[in-house]
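Enquirer: Got a sequence here, can you model it:
(one chain, ligands or ions: 1)
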Amino acid sequence: MKVSKITGGRQMLKDWQDAFGHEIYDYFNGERSYEIVERDDGYIDISGGAKNYFSEYSEWQEYEKEAMKYVRGKVLDIGCGAGRHSLYLQDKDYKVLGIDNSPLAIQVCKERGLKKAMVLSITQINSRLGNFDTILMMGNNFGLFGSFKRARWLLGKFENITTKDALIIAETRDPYQTQLKEHLEYHRLNRKRNRMPGQLRIRVRYKRYVTPWFDYLLVSKDEMALILRDTNWRIRKFIDRNGGVYIAIIEKNL
Ligand SMILES: C[S@@+](CC[C@H](N)C(=O)[O-])C[C@H]1O[C@@H](n2cnc3c(N)ncnc32)[C@H](O)[C@@H]1O
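Expert: Residues are numbered from 1 along each chain as shown. The predicted model follows:
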């Protein structure tokens, strides 16, 4: 398969590329929706999709509820989707900015009452956004770091937009906790390409909408520690769910 252009979401998505947004928008408007994830080895999966993106606090699992206890001060929710975490926190009087590179997802966040929401890619984050006490990357959104190199570049950028005792609350999945032949083969393929085994190159499809290819990074706890090594961030704590899913509470090296 020819991958002609890998975008980090730097440019505004065109409407036909906004598969996440259309999936979210249709669900919001009471239509059936779904999310197809296509990997660059041809593997296709259907994710939990929009229903999960609209789930209320009472439906969240314990590990997610536990992570919310670490939120403090001013919050930046990166890849906020339909805004479930942002809206929960806004209701609790936190000042929240939700960003997402999907124009329709941000429209839905606004229609649901999120006061501050912007169409912006993680790669476009800059100090003009303000100074945050908490950065949220929920729903596996540690993945938006994309690669080892890009994660370290972004962690540097995060330093400039956060207070000295800020926390990053980031969810991911240990890619090695699988027996699936196709996933194990994909890890081998990635090693051959000098990519991290859990560095998925994917695009999301819904109806005729399809996102550009992008890299989504799944990491083990050791790999996360390696990414953070010699940066000004370190792991304070892991909150585990079953199936290798976990949330990292990441703090600054003071
Ligand atoms: C798996 S969903 C998680 C949504 C939300 N955090 C939640 O837990 O319900 C990933 C979200 O990240 C957004 N996204 C994908 N690439 C992005 C990028 N480069 N910058 C910002 N958001 C991005 C998608 O549009 C989507 O809304």
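Enquirer: Can you give the strand pairings for the helix or strand containing residue 76, parallel or anti for each?
Expert: Using DSSP states H and E, residue 76 sits in strand 74-78. Its sheet considered, strand 74-78 pairs with strand 95-100 (parallel), strand 132-137 (parallel) by DSSP bridges.
Enquirer: next one: the helix or strand that comes right after the first one to chain centre, how far?
Expert: Past strand 95-100, heading to the C-terminal end, the next element that is a helix or strand (DSSP H and E) is helix 103-111. The chain centroid and the centroid of helix 103-111 are separated by 17 Å under CA atoms, centre = their mean, to the nearest Å.
Enquirer: and the following helix or strand past helix 103-111, what does it pack onto?
Expert: Counting by DSSP H and E, the next helix or strand C-terminal to helix 103-111 is strand 117-119. Counting contacts by 3 or more CB pairs under 8 Å, 6 or more residues apart in numbering; DSSP states H and E, strand 117-119 packs against strand 95-100, helix 103-111. Any C-beta I mention is one placed from the backbone N, CA and C, and that applies to glycine too.
Enquirer: Determine which stretch of those is the most buried.
Expert: Among the helices and strands packed on strand 117-119, strand 95-100 has the highest mean neighbour count (mean count of other CB atoms under 10 Å), at a mean of 24.
Enquirer: pLDDT of it, averaged?
Expert: Averaging pLDDT along strand 95-100 gives 98.
Enquirer: and for the strand holding residue 76, what are the contacting residues?
Expert: By CB atoms under 8 Å, 6 or more residues apart in numbering, the surrounding residues in contact with strand 74-78 are 83, 85-86, 89, 94-99, 122, 125, 129-138, 141, 144, 161.
Enquirer: Let me see the contact set for whichever residue of the stretch 51-200 of the chain sits closest to the ligand.
Expert: Of all residues in the stretch 51-200 of the chain, residue 139 sits closest to the ligand, at 2.3 Å by CB to the nearest ligand atom. By CB under 8 Å, 6+ apart, residue 139 lies in contact with 52-53, 79, 81, 171.
Enquirer: and residue 48, which of the three is it?
Expert: Secondary structure, DSSP: H, G, I helix; E, B strand; the rest coil: residue 48 is coil.
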